[in-house]
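Undergrad: Just to be clear, the model below is a prediction. Sequence and coordinates:
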Amino acid sequence: MGEVLRHAWVIARKDLLLEFRSRTAFVSATVFAALVLTVFEFGRDPTAVNTNDLAPSILWVTFTFAGMLALNRAFQLELENQALDALLVAPISRTSLYWAKLVANCIFVGVVEAIGLPLFVLFFDVPVGPILLPLLGVIALATIGFIAVGTLFSAMVSRTRFAELMLPVLLLPFMVPPLIGAVQVTAQLLAGRPLSEAEGWLRLLAAYDVAFLTLATLLFPTTVNE
Amino acid sequence: MLSAENLRHSFGSVRALDGISFSLPEGRTLALFGPNGAGKTTLLKVLAGLIKPEVGRAEVSGGRRAVGWIGHQSSLYGHLTVRENLLFWAQLYDLPASRSGPRVTELLERLGIAERADTPVRVLSRGQMQRITIARALVHDPQVLLLDEPFTGLDLAAAGEFRRLLGELASQGRSVVLATHNVDEGVELATDIAFQLRGRFVHFAPRAARGSAEIAEEYKRAVGNGGGGGG
C-alpha cells in the first residue's frame, strides 16, 4: 500500500507541476467559473426570486462545469506524447495511477473552487461567514465523490473522439445524487438551519464517496488496458 | 530473457499477430523488420505488457521492472525540463535519489545532451527529444529493451553513439528487440534477424556472418513488394 501511495504522489506532484507551469486548464476553469457566475448575476431577476433560493443551485452548477474542464485535462496530459504507454509499462500499480489523478484533480478543482467561492459571495452577496466551515465540508464531500467518478470516466473517454463531449454526457447522470445532496445541504446552511437537519443528505454524500471511490479504484485498471 | 508463445491478436478484422513464437536469451539482439502494418509495434506492445494478446503469452524475466520501452512517441512531458522528466521516471522505477541524479547526468553526457538538462522538453528539436527518450528508457538500467524505431530523428553522430551504447548493453547481457525500417541500422547490432509479414514471422534466424546487403536481399525476397525495401 505504501508503494501504491508513493507512486501516486510522484505522478500527482508531476501533474500539479505541469499545471503550475502551463496554467492552461486552471485559467480555463477559473475564467469559466467567473463567466458562469457573471451570467447568472445579470441573468436573474432579483425581485422575482430570492437570492438565497437560487444561490445553492448557481454555486453547484458553476462548480460542476468548472470541475469538468479540470477532469478533461487529467488524461490529456498523458496522451500528448503517449506518456500513458510508458506509465503502463512502468512497474506501478494501475491503482497508483488512479489515485494520482484523483489527488491531482481534487487539489486542482479545490483551488478553482477556492477562487469561485469568494466570487460567488461577491456577486450574490450571500453571507457565508457564519457557515463557512460546514459549507467547506459539504463542498469537500461533494467534490470528492464527483472527482472519484469523473476521474474514472475521464480515463475511459480520453482515447475516444469527442472526449470533451463524452465526459459530461457520461458523468452527468452519475452526478445527480451528489449534486442534489450538495444543493440541499447548501440551501439549508444558507437558510440558517442547523447542519443536523441535513444529516440524511450528508450521509448520502458520504456513502456516495465511499461507494464510488471503491468502485472506481476497482474498475480503473480495466479502463486503461488497451 | 524474453519469450513469446503462439501470440495471436487482431484489431477488428485485421490480424496483427498470427501465431508468433520465439525466445531471446540474455545478451542477444533481435532486429525485427517488416512493412507497415506487419504487426511489429503490436508485438512490442504485447512483449511490454501494453496489450494483452487474445491467444498465447509473452514473458519477460524480471517483469515490467526489467523492461526499457521506446514507442513511436517520446513519453516525455513538454513543460518539464529534461532532468525533471528523467528524475520523474527514475522515481517511478524506485531509484533512490542518491542514484537517480548521477544516473541521469551519466546518461545525458553519454547521449551528448548534458547542456540541455535544464531546458524544457517542449523546445527541443526532434533529434534531441529522441535522445532524451532513449535516456528515459535506460534510466532504470533495464535488462530487456523493447525499441520501436529508436533511430528516428537522430543525426549520424547520435545514431552512432546510440548504436555503440546498445552494443555495450547487449555485451553486458541485456536482451534487445529492435523494430526498424532501416536494414543497415538493425543489422549492424543484431545477433538475430526476424522478418514479420501480416502478423507472422516469415523468417527468424541468427544473423551469422550475413551482411546488410545480403539481409536486405533476403528481406525483399521474403516479404515481396510489400517490403518496400526495408520498411
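TA: All right, it came through fine.
Undergrad: the strands in the chain, which residues?
TA: Because you didn't say which chain, this covers chain A. Here chain A has no strands by DSSP state E.
Undergrad: look at chain B instead
TA: The residue ranges that make up the strands of chain B, judged by DSSP E, are B:2-11, B:14-24, B:29-33, B:55-60, B:67-70, B:144-148, B:175-179, B:192-197, B:200-206.
Undergrad: need the contact list for the closest residue to B:Thr42 other than its chain neighbours.
TA: Across the structure, with C-beta to C-beta, 6 or more residues apart in numbering or on different chains as the measure, the residue nearest B:Thr42 apart from its sequence neighbours is B:Ala16 (3.9 Å). Yep, even glycine has a C-beta here, placed from its N, CA and C like the rest. Neighbour list for B:Ala16: B:9-10, B:39, B:42-43, B:199 [criterion: C-beta atoms under 8 Å, 6 or more residues apart in numbering or on different chains].
Undergrad: Close to chain B: what parts of chain A are there?
TA: Within chain A, the positions adjacent to chain B are A:3, A:7, A:10-11, A:14, A:17-18, A:21-22, A:77, A:80-83, A:85-92, A:225-226 by C-beta under 8 Å from any C-beta of the partner chain.
Undergrad: I would like a ChimeraX command selecting only the buried ones among these, please.
TA: In ChimeraX syntax, the buried subset of those is picked out as below (16 or more other C-beta atoms under 10 Å in any protein chain shown):
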select /A:7,10,11,14,17,18,21,22,77,80,81,83,85,86,87,88,89,90,91,92
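Undergrad: count of residues packed around residue 94?
TA: Here I'm looking at chain A. Around A:Arg94 there are 18 other residues, counting by other C-beta atoms under 10 Å in any protein chain shown.
Undergrad: not what I meant, chain B
TA: Using other C-beta under 10 Å, B:Asp94 has 16 other residues around it.
Undergrad: Same check on A:Ala191?
TA: A:Ala191 is surrounded by 12 other residues when neighbours are defined as other C-beta under 10 Å.
Undergrad: returning to that earlier point: could I get the strands of chain B as a markdown table with distance to A:Leu213 and mean pLDDT?
TA: Compiled in a markdown table, the strands of chain B are given as follows (distance: least, C-beta to C-beta, whole Å; pLDDT from 0 to 100):
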| stretch | distance to A:Leu213 | mean pLDDT |
| --- | --- | --- |
| strand B:2-11 | 34 | 95 |
| strand B:14-24 | 36 | 94 |
| strand B:29-33 | 43 | 94 |
| strand B:55-60 | 33 | 95 |
| strand B:67-70 | 31 | 96 |
| strand B:144-148 | 35 | 95 |
| strand B:175-179 | 39 | 95 |
| strand B:192-197 | 44 | 93 |
| strand B:200-206 | 46 | 92 |
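Undergrad: would you turn those strands into CSV with distance to B:Glu214?
TA: Conversion of the strands of chain B to CSV gives the following (distance: least, C-beta to C-beta, whole Å):
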stretch, distance to B:Glu214
strand B:2-11, 26
strand B:14-24, 21
strand B:29-33, 13
strand B:55-60, 30
strand B:67-70, 27
strand B:144-148, 23
strand B:175-179, 18
strand B:192-197, 10
strand B:200-206, 12
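Undergrad: Please identify the residues of chain B in proximity to chain A?
TA: Taking C-beta under 8 Å from any C-beta as the contact definition, chain B meets chain A at B:45, B:48-52, B:63-65, B:67, B:69, B:71-80, B:84, B:88-89, B:91-94, B:120, B:136.
Undergrad: Narrow those to those in helices?
TA: Using DSSP state H, the members of the residues of chain B next to chain A that fall in helices are B:45, B:48, B:84, B:88-89, B:91-92, B:136.
Undergrad: got JSON lines for those, with pLDDT too?
TA: As requested, these are arranged in JSON lines below (pLDDT from 0 to 100):
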{"residue": "B:Lys45", "pLDDT": "96"}
{"residue": "B:Ala48", "pLDDT": "95"}
{"residue": "B:Glu84", "pLDDT": "97"}
{"residue": "B:Phe88", "pLDDT": "97"}
{"residue": "B:Trp89", "pLDDT": "97"}
{"residue": "B:Gln91", "pLDDT": "96"}
{"residue": "B:Leu92", "pLDDT": "96"}
{"residue": "B:Arg136", "pLDDT": "96"}
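Undergrad: which one among the residues you listed gets closest to B:Val223?
TA: Nearest to B:Val223 out of those is B:Lys45 (C-beta to C-beta; 21.1 Å).
Undergrad: other SSEs contacting the lengthiest helix in chain A?
TA: Longest helix in chain A by number of residues (criterion: DSSP H): helix A:94-124. Applying 3 or more C-beta pairs under 8 Å, 6 or more residues apart in numbering or on different chains; DSSP states H and E, one finds that helix A:94-124 makes contact with helix A:2-22, helix A:24-43, helix A:51-79, helix A:132-157, helix A:199-224.
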